[in-house]
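J.: I'd like to go over a predicted model; first the sequence, then the structure.
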Amino acid sequence: MKDLLNDLNKAFENKTRLGIMSALVVNDYVDFNNLKLLLGATDGNLASHLKSLEKRGYIMVKKEFLDKKPKTKYFATKKGKDAFTKHIRAIEKLIK
Amino acid sequence: MEKQKYLDDLKDIKDIMERSSRFISLSGLSGISAGIFALIAAYLAYKTIYTNQDYLTYQRAILTTETITTLLLIALITLIFSIGAGIFFTTKKARKDKQKLWDNQSRRLLINLSIPLITGGILCLILLFKGYIGLVAPLTLVFYGLALINASKYTLSEIRSLGLIEISLGLLATHFIGFGLIFWFVGFGILHIIYGIVMQRRYGS
């Protein structure tokens, strides 16, 4: 039981961060606007959670310009995907 | 308590994974163009079937091998034009959205759309050759509606309600069987145009 709780990742306790990772692991990338639409988060809220995931090395950011409009794409890193999978496994075991 | 929170988390994860992997680059313009082609086709079919009869009264369809061939030709040309326009506008929109046209999402969308659609198509062809012409228009609507509902899980959610309306129209058309072509005109023509305009406004081209 104690091991299981260690596997639960503090980074994913927040709903928005959990949502960001869920979207990124099943897609090659998701851009900022689509994440916003998907999670129903505000700009500031979403940006701060993205920043914190980026700091942990769970996601990667790529900025592009499309018709002079900035478009920010987010990718899940290998580290992020592994951490997320581990987190889900722990949840599944806890529920059982 | 704790357990409920984790159950909710899992539900959220699943929900977001599904929603984020839908094909969203469906172009409203393809709906509008399919609608216009359908209106033209319905008009041509009307001219082919009901020659020398009063307008908009309960009518008997006059069918010969020749008219059936004409009808099938109209159907085939409409299908080719609609699919062609659909691919054209959706490619354009996907390029603009920077979404890949042929990815897992669009593949799942097409497969799930095709299963009820092809089933209905084959059934209608069999009925047509057995002489049950009246059932063809209602059944194409019903099966098209079922196909849309089946595919709606993989694309914009509006498609689901369009599917429900098509099924209702199809069932009504089965009851008022002599007016099949009018229901067809509404279901494939007018509804496509309305939905196309709504999607166009909501999601852009």
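T.: Nice, I can see it. Numbers count the residues shown, from 1 in each chain, chains lettered A, B, ... in the order given.
J.: tell me the phi and psi of the residue nearest in space to the middle of chain B?
T.: Geometric centre of chain B, nearest residue: residue B:144, 4.9 Å, by C-alpha atoms, centre = their mean. Residue B:144 has phi and psi values of phi -60, psi -40 when expressed as degrees, to the nearest 10.
J.: please report how far the most centrally placed residue in chain A lies from residue B:24.
T.: Among the residues of chain A, residue A:21 comes closest to the average C-alpha position under C-alpha atoms, centre = their mean, at 2.7 Å. Distance of residue A:21 to residue B:24, computed by C-beta to C-beta, to the nearest Å: 20 Å. Any C-beta I mention is one placed from the backbone N, CA and C, and that applies to glycine too.
J.: circling back to that earlier point, which element is the nearest residue to the residue nearest to the centre of chain B once chain neighbours are set aside on?
T.: If you skip the residues right next to it in sequence, residue B:144 has residue B:166 as its closest partner in space, 5.3 Å away by C-beta to C-beta, 6 or more residues apart in numbering or on different chains. Under DSSP states H and E, the secondary-structure element containing residue B:166 is helix B:158-175.
J.: output the next helix or strand after that helix in CSV with nothing but the alpha carbons.
T.: Following the chain from helix B:158-175 toward its C-terminal end, the next helix or strand by DSSP H and E is helix B:180-184. Taking only C-alpha atoms (Å, rounded to 0.1, in the frame of the first residue of the first chain), the coordinates of helix B:180-184 have been written out as CSV:
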residue,chain,number,x,y,z
GLY,B,180,-40.3,9.6,-50.2
LEU,B,181,-38.5,11.9,-52.6
ILE,B,182,-39.7,15.0,-50.7
PHE,B,183,-38.3,13.6,-47.4
TRP,B,184,-35.1,12.8,-49.3
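J.: can you list the residues that contact helix B:180-184?
T.: Under the criterion C-beta atoms under 8 Å, 6 or more residues apart in numbering or on different chains, residues B:38, B:42, B:45-46, B:49, B:56, B:134, B:136-138, B:140-141, B:169-170, B:172-173, B:176 lie in contact with helix B:180-184.
J.: ok, back up a step: correct me, but the residue nearest to residue B:144 touches residue B:138?
T.: No - using C-beta atoms under 8 Å, residue B:166 and residue B:138 do not qualify as a contacting pair, with a distance of 10.7 Å.
J.: what ranges do the helices span in the chain?
T.: Just so you know, I chose chain A. Assigned by DSSP state H, the helices in chain A fall at A:2-7, A:15-26, A:32-39, A:43-55, A:78-95.
J.: was after chain B, sorry
T.: Counting by DSSP H, the helices of chain B are B:2-20, B:28-49, B:65-97, B:104-129, B:133-151, B:158-175, B:180-184, B:191-203.
J.: where does the prediction get shaky in chain A?
T.: In the predicted model, chain A carries pLDDT under 70 at residues A:1-5.
J.: just the residues of it that are near chain B, which are they?
T.: If contact is defined as C-beta under 8 Å from any C-beta of the partner chain, the residues of chain A in contact with chain B are A:15, A:18-19, A:22-23, A:25-27, A:30-31, A:34, A:38-39, A:66, A:71, A:88, A:91-92, A:94-95.
J.: can you rerun that using 10 Å?
T.: Selection of chain A residues close to chain B by C-beta under 10 Å from any C-beta of the partner chain yields A:8, A:12-13, A:15, A:18-31, A:34-35, A:37-39, A:64, A:66-67, A:71, A:73, A:84, A:87-88, A:90-96.
J.: from residue A:35, how far off is residue A:12?
T.: Taking C-beta to C-beta, one finds residue A:12 at 16 Å from residue A:35.
J.: what do you get for residue B:112?
T.: From residue B:112 across to residue A:35, the span is 26 Å (C-beta to C-beta).
J.: that older thread, most packed of the helices of chain A?
T.: The highest average neighbour count among these, using mean count of other C-beta atoms under 10 Å in any protein chain shown, belongs to helix A:15-26 at a mean of 23.
J.: who's in contact with the closest residue in space to residue B:135 that isn't next to it in sequence?
T.: Using C-beta to C-beta, 6+ apart and skipping the chain neighbours, the partner closest in space to residue B:135 is residue B:127 (5.3 Å). Contact partners of residue B:127, counting by C-beta atoms under 10 Å, 6 or more residues apart in numbering or on different chains, are B:133-136, B:139.
J.: thanks a lot, catch you later.
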